[in-house]
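> any chance you can model this:
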Amino acid sequence: MTLQEMIKSFENLSEDEQESLLEILCQYRAKAREREILANFKELKEAIATGTARKGTVEDLIADLNED
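Numbering: from 1, shown residues only. Now for the predicted structure:
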């Protein structure tokens with residue numbers, strides 16, 4: 001199903017159905033974001049444990065990026 005077809009299907013739903021679907025989609029996005037944050041945290045924790053994490057200011061980060 002294309003995005004355009006999904007939009008058309010959404011438009012054909014009742015207001016209550018649209019509202020329910022929007023709530024479900026928002027919950028889905030929130031859970032996906034939680035998983036992403038948890039994965040980033042685990043990656044950071046591992047980097048700290050192995051000593052590969054780097055600390056610094058924004059200016060330090062920019063300088064490091066410009067060196068590459």
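> could you use CA atoms for every contact and neighbour count after this?
OK.
> give me the residues contacting stretch 3-17.
Residues lying outside stretch 3-17 but in contact with it, judged by C-alpha atoms under 8 Å, 6 or more residues apart in numbering, are Gln18.
> remind me, longest helix of the protein?
For the chain, the helix that runs over the most residues, judged by DSSP state H, is helix 15-50.
> pLDDT (mean, whole number) over that helix?
On average, the pLDDT along helix 15-50 is 97.
> I'd like the next helix or strand past it.
Tracing the chain past helix 15-50, the next element assigned as helix or strand by DSSP states H and E is helix 58-67.
> chain center to that next one: distance?
In terms of C-alpha atoms, centre = their mean, to the nearest Å, the centre of helix 58-67 is found 24 Å from the chain centre.
> same question for stretch 29-48.
Stretch 29-48 sits 9 Å away from the centroid of its parent chain (C-alpha atoms, centre = their mean).
> please apply the same query to stretch 45-65.
Computed by C-alpha atoms, centre = their mean, the chain-centroid distance of stretch 45-65 equals 21 Å.
> what is the end-to-end distance of that stretch?
Looking at stretch 45-65, the gap from its leading to its trailing residue is 22 Å under the measure C-alpha to C-alpha, to the nearest Å.
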